[in-house]
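A.B. asks: Sequence unavailable; structure follows:
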Ligand SMILES: [Ca+2]
Ligand SMILES: [Ca+2]
Ligand SMILES: [Ca+2]
């Protein structure tokens, strides 16, 4: 479908008029909001624009998700459709929130720290998200979610951005920097893309405690039929488009549930969409108990890029330089893990931490289905440690069945994911040792031989998708020469992206993870 391009960008006057608003507890500031509801994507080649692969961390993932839910409650209570949480808009919003803090400014347009504009608002957003409509609200100086949201609600122009029927998706960025004026930055990026008609479960709530959920499905003129399915189920029958409907998540097990939707027109063209929600109402079966007890899972694994065969341990360069983010870094493609694991301060990260990793518990009956995922710290001795600090060896899961059996898989930012060869009864007193080929599904070909009978996860899957291909090299090329940073392509975790990382990747090219862990 050709979107007729009207190259008019309605940029609301941005004279950096800063409207001061006051609150009893919390004094924040707003900038005049921007929007561009008519126009095409103007991708800038300006030096100051991001290229869209930047990953800025959030200072509080939970804050961001709460705003999305507040927005959807506001919209639906006023008869408008909810909006879909977008990873791309989240990346755009986080990038800007952090950029404003680091360069100490408060404006929609990117600046260089000396007051010079380096990238236009919607060129920046367009680097991350191919919009056909976009709007942005920002604020600074708010310290809690409700105050930040109220600041926008109580300003007519910001409210109008949030209530626009022309936007279908949203991302929030929150950044805290004690050294920046106003300390906090909040960014709400709203948008719509060509041919994207989302389905949304329970207004983007993160958890469903009952298996009956409410769906909102965006329609599109000419597409008169739709069908739905659960992630592990079969398609339902084609039916007339219904925007609001009640849906039954399948299965009684806890974990992430996906719902897929398709719409078709009379020519047979199909538009697809999906959403996920974490189902936590499954209980422990049998007696119907819904109480959950923590189950601690112990796993040991080494990363090829960080392992030193002489010391038998991995380097902690990122921790030593305080480069590890305070919030788990997997809330983005391909992982899209929305867990809220975080620590309050850098000193709360174990001093022997190598990096954040993901530990997945998978169903014994179908190991393609993840029962529960936790982000945790990988320690220099290969053990995984809970983000809470207790225990120091082991990761606490909340929804696994005590004495239940699960496959376990480990995912990282830049090493090929591995999965256990067999199920493990949890909690496990004997650590699952994934440095041994017999314990890893697929055996030796899935691992790097480090000598001395020790095997490690293969370096070089820099986009984390479960295969080592030229795509990873392209990723590496984009990040090449970044120094002193937390960068995915830094396979040996020496803080720098250099030829040393390429040399780790190169011999592993064409390695493929087992199907269960691939994206
Ligand atoms: Ca969702
Ligand atoms: Ca890859
Ligand atoms: Ca490196």
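C.D. replies: All right, it came through fine. On a predicted model such as this, the values are computed, not experimentally measured, just so you know. Ligands and ions are numbered 1, 2, ... in the order given.

A.B. asks: In the stretch 201-350 of the chain, which residue sits nearest ligand 2?
C.D. replies: Closest residue of the stretch 201-350 of the chain to ligand 2, CB to the ion: residue 334 (8.7 Å). Just so you know, the C-beta spots here come from the backbone N, C-alpha and C atoms, and that holds for glycine as well.

A.B. asks: quick one, what contacts that residue?
C.D. replies: 463-465, 519 (CB atoms under 8 Å, 6 or more residues apart in numbering).

A.B. asks: By neighbours, which of the residues you listed wins?
C.D. replies: When neighbours are counted by other CB atoms under 10 Å, residue 464 leads those with 23 neighbours.

A.B. asks: Double-check residue 509 against residue 468; I have them as touching.
C.D. replies: Yes: using CB atoms under 8 Å, residue 509 makes contact with residue 468 at a distance of 5.6 Å.

A.B. asks: For the spatially most central residue of the chain, what is the enclosing helix or strand?
C.D. replies: Centrality entry for the chain: nearest residue to the mean C-alpha point is residue 331, 1.8 Å, by CA atoms, centre = their mean. Using DSSP states H and E, residue 331 is not contained in any helix or strand.

A.B. asks: Contact partners for it?
C.D. replies: For residue 331, the contact set (CB under 8 Å, 6+ apart) comprises 58, 61, 87, 90, 337-339.

A.B. asks: would you list those in TSV and tack on distance to ligand 2 and secondary structure?
C.D. replies: Output for the contacts of residue 331, formatted as TSV (distance: CB to the ion, whole Å; DSSP: H, G, I helix; E, B strand; the rest coil):
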residue	distance to ligand 2	secondary structure
58	24	coil
61	24	helix
87	17	helix
90	22	helix
337	17	coil
338	22	coil
339	22	coil
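
A.B. asks: Can I get those residues in CSV including neighbour count?
C.D. replies: Listed next are those as CSV, based on neighbours: other CB atoms under 10 Å:
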residue, neighbour count
58, 26
61, 23
87, 18
90, 27
337, 20
338, 21
339, 21
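
A.B. asks: for the residues you listed, which one is nearest residue 33?
C.D. replies: Top of the list for closeness to residue 33, among the contacts of residue 331 and by CB to CB, is residue 90 at 18.2 Å.

A.B. asks: The closest one touches residue 172, doesn't it?
C.D. replies: Yes: if you go by CB under 8 Å, residue 90 and residue 172 touch, sitting 6.6 Å apart.

A.B. asks: Common neighbours of these two, please.
C.D. replies: Common contacts of residue 90 and residue 172, defined by CB under 8 Å, 6+ apart, comprise 64, 189.

A.B. asks: all helices of the stretch 101-250 of the chain, in order?
C.D. replies: 121-128, 145-153, 156-162 (DSSP state H, counting those that start in this stretch).

A.B. asks: what about the ones you listed, which gets the closest to residue 426?
C.D. replies: helix 145-153 (34.3 Å).

A.B. asks: Can you list the buried residues in stretch 484-504?
C.D. replies: 486-498, 501-502, 504 (16 or more other CB atoms under 10 Å).

A.B. asks: Sort out for me which of those residues are in helices.
C.D. replies: Under the assignment DSSP state H, the buried residues of stretch 484-504 contribute 501-502, 504 to helices.

A.B. asks: which bits of this structure sit near ligand 2?
C.D. replies: 461, 463, 465, 467, 472 (CB under 5 Å from the ion).

A.B. asks: how many other residues sit next to the residue in the stretch 1-150 of the chain that ligand 2 sits nearest to?
C.D. replies: Closest residue of the stretch 1-150 of the chain to ligand 2, CB to the ion: residue 53 (13.8 Å). Other residues lying near residue 53 total 14 when counted by other CB under 10 Å.

A.B. asks: Next: residue 401.
C.D. replies: Count around residue 401 with other CB under 10 Å applied: 21.

A.B. asks: same question, residue 314
C.D. replies: Quick note: residue 314 (other CB under 10 Å) scores 26 neighbours.

A.B. asks: mind checking the end-to-end distance for stretch 236-253?
C.D. replies: Stretch 236-253 has an end-to-end distance of 21 Å (criterion: CA to CA, to the nearest Å).

A.B. asks: what's the answer for stretch 506-519, then?
C.D. replies: End-to-end for stretch 506-519, by CA to CA: 21 Å.

A.B. asks: what's that stretch in contact with?
C.D. replies: Outside stretch 506-519, the residues that reach it (CB under 8 Å, 6+ apart) are 333-335, 362, 367-368, 407, 409, 411, 416-419, 441-442, 445-446, 448, 458-461, 464-470, 473.

A.B. asks: Assign a three-state SS to the closest residue to ligand 3 within the stretch 301-450 of the chain, would you?
C.D. replies: Proximity of the stretch 301-450 of the chain to ligand 3 (CB to the ion) peaks at residue 305, 7.6 Å away. What DSSP: H, G, I helix; E, B strand; the rest coil gives for residue 305 is helix.

A.B. asks: List the contacts of it.
C.D. replies: 414-415, 459, 491-493, 501, 504.

A.B. asks: Between those, which sits nearest ligand 2?
C.D. replies: After measuring the contacts of residue 305 against ligand 2 - CB to the ion - the closest member comes out as residue 414, at 8.9 Å.

A.B. asks: tell me the most buried of the helices of the stretch 101-250 of the chain?
C.D. replies: Neighbour counts (mean count of other CB atoms under 10 Å) averaged over each of the helices of the stretch 101-250 of the chain peak at helix 121-128, with a mean of 26.

A.B. asks: what about that helix, distance to the chain center?
C.D. replies: 19 Å (CA atoms, centre = their mean, to the nearest Å).

A.B. asks: next one: stretch 458-465
C.D. replies: 17 Å.

A.B. asks: now the end-to-end length of it.
C.D. replies: 13 Å.

A.B. asks: what does the model give residue 427 for pLDDT?
C.D. replies: At residue 427, the model reports a pLDDT of 95.

A.B. asks: quick one: it and residue 402 touch, right?
C.D. replies: Yes: with contact defined as CB under 8 Å, residue 427 counts as touching residue 402 (7.3 Å).

A.B. asks: Can you check which residues contact both of the two?
C.D. replies: With CB under 8 Å, 6+ apart as the test, residue 427 and residue 402 both reach residue 295.

A.B. asks: So those two - more neighbours on which side?
C.D. replies: Counted by other CB under 10 Å, residue 427 and residue 402 do not tie: residue 427 has more neighbours, with 18 against 12.

A.B. asks: Can you name the residues bridging to the closest residue to that one other than its chain neighbours?
C.D. replies: Among residues not flanking residue 427 along the chain, residue 296 sits closest, at 4.7 Å (CB to CB, 6 or more residues apart in numbering). Following DSSP bridges, residue 296 is listed with bridge partners residue 396.

A.B. asks: which residues sit in contact with residue 296?
C.D. replies: 386, 391, 394-397, 426-427.

A.B. asks: can you list the residues of this structure near ligand 3?
C.D. replies: Close to ligand 3, as judged by CB under 5 Å from the ion, the chain has residues 490, 492, 494, 496, 501.

A.B. asks: For these, give me JSON lines that also has distance to residue 201 and pLDDT.
C.D. replies: Converted to JSON lines, those look like this (distance: CB to CB, whole Å; pLDDT from 0 to 100):
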{"residue": "490", "distance to residue 201": "36", "pLDDT": "97"}
{"residue": "492", "distance to residue 201": "40", "pLDDT": "98"}
{"residue": "494", "distance to residue 201": "42", "pLDDT": "97"}
{"residue": "496", "distance to residue 201": "41", "pLDDT": "96"}
{"residue": "501", "distance to residue 201": "39", "pLDDT": "97"}
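
A.B. asks: Just name the closest of these to residue 226, please.
C.D. replies: Relative to residue 226, and with distances defined as CB to CB, the nearest of the residues of the chain next to ligand 3 is residue 490, at 44.0 Å.
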